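Engineer: Here's a sequence, model it:
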Amino acid sequence: MEPPSSTLIAGTPARSGRPRATSRADLERLGFELFARQGFDETTVDDIAGAAGISRRTFFRYFASKNDLVWGDFEQQLARLRDLLDAADANTPVMDALREAVVEFNRFDATDVPWHRQRMQLILTVPTLQADATLRYASWRAIVTEFVAKRMGLPTSEVLPRLFGYTLLAAAIAAYEHWLADEEAQLSDLLDLAIRQVTDGLGAV
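Structural biologist: I've put the predicted structure just below:
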C-alpha cells in the first residue's frame, strides 16, 4: 500500500475531533483499521466515510465500492506488471522472465509490508471478496497469457499461453498463502521458489 499522498479530499468536518482523511491512501488505512476491528462485512462505506470525516459522496470520488478500497489502485499495478514483462530481455527464457517480473511486481518497502499483508489476508480469506477477486485475477492472468503468446508466436486463445497464465497465478497464490501463514517468511523468496518449481514442469515447453 502506498504511503499517504498530498492529494486533498474536500469533505465534511471530522467527527469526534478526529482530523479528516487527506488522501486516497489515508482512506485505505482507515478502512483497514475498521475491517480489523469490526470485520469486512460488518463495516460499511458510511462507517469509513464517518471515520475519515468526509461525506459518503466524497468517498465514492475515490473508490467505486468498498471492495475497490481493499484492492487499491489495481489497474495501475497491472500496468506496472505489463511494463515489467515488456522490458524483459528477448533472450531471457520465458519462465525466467515471468519469475523475475512477478517477484519484482510483488516487492514492497518494509514499511508497506504490514498493510499489504492485511490487504492480501482480506482478499484471500473473505468470501465476499472472492467473486471480485476472480475478475481481477483474470486481468492479471491475461497479461501473463499475452506475454507468453507473443513469445511463442501463438494466439492468446491457444491452450499453452493459457496454461502459463493459470499456472503462474496458482503459484503466486500458493506463495501468498504460505506468506500469510508464516510471518517470518519472505514473500519474494516464496514467489521465487514457487515459480522455479513450476519452471521444472513448463520450462521445456
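
Engineer: ok, now which ones touch the residue lying closest to L129 once chain neighbours are set aside?
Structural biologist: Distance criterion Cβ to Cβ, 6 or more residues apart in numbering; nearest residue to L129, sequence neighbours excluded, is I123 at 5.6 Å. Quick note: C-beta positions are derived from backbone N, CA and C, even for glycine. Listed by Cβ atoms under 8 Å, 6 or more residues apart in numbering, the contact partners of I123 are V70, W71, L129, A133.

Engineer: change it to 10 Å
Structural biologist: N67, V70, W71, L129, Q130, D132, A133, R136, Y137, I173, Y176 (Cβ atoms under 10 Å, 6 or more residues apart in numbering).

Engineer: for D47, same thing?
Structural biologist: Counted by Cβ under 10 Å, 6+ apart, D47 has contacts L30, G31, L34, F35, Q38, K66.

Engineer: that older thread, filter the contacts of I123 down to the buried ones, ChimeraX style.
Structural biologist: With 16 or more other Cβ atoms under 10 Å as the burial test, the buried ones among the contacts of I123 are selected in ChimeraX as follows:
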select :67,70,71,129,132,133,136,137,173,176
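
Engineer: could the contacts of I123 be laid out in JSON lines, adding pLDDT?
Structural biologist: Below are the contacts of I123 laid out as JSON lines (pLDDT from 0 to 100):
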{"residue": "N67", "pLDDT": "95"}
{"residue": "V70", "pLDDT": "95"}
{"residue": "W71", "pLDDT": "93"}
{"residue": "L129", "pLDDT": "92"}
{"residue": "Q130", "pLDDT": "86"}
{"residue": "D132", "pLDDT": "87"}
{"residue": "A133", "pLDDT": "91"}
{"residue": "R136", "pLDDT": "93"}
{"residue": "Y137", "pLDDT": "95"}
{"residue": "I173", "pLDDT": "96"}
{"residue": "Y176", "pLDDT": "97"}
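
Engineer: How much space separates I54 from I143?
Structural biologist: 34 Å (Cβ to Cβ, to the nearest Å).

Engineer: Settle it for me: which of those two has more neighbours?
Structural biologist: Using other Cβ atoms under 10 Å as the criterion, I54 and I143 rank with I54 on top: 25 against 20.

Engineer: Surely G201 touches T167?
Structural biologist: Yes. With contacts counted by Cβ atoms under 10 Å, G201 reaches T167, the gap being 7.9 Å.

Engineer: Out of the contacts of D47, list just those in helices.
Structural biologist: Judged by DSSP state H, the contacts of D47 include L30, G31, L34, F35, Q38, K66 as members of helices.

Engineer: Out of those, which end up buried?
Structural biologist: The neighbour-count criterion (16+ other Cβ under 10 Å) marks L30, G31, L34, F35, K66 among the ones in helices among the contacts of D47 as buried.

Engineer: Is it possible to get CSV of the residues you listed that adds distance to P114?
Structural biologist: Listed next are these as CSV, based on distance: Cβ to Cβ, whole Å:
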residue, distance to P114
L30, 15
G31, 15
L34, 16
F35, 14
K66, 21
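
Engineer: Tell me the one among these nearest to E184.
Structural biologist: Of all these, E184 sits closest to F35, with 24.1 Å by Cβ to Cβ.
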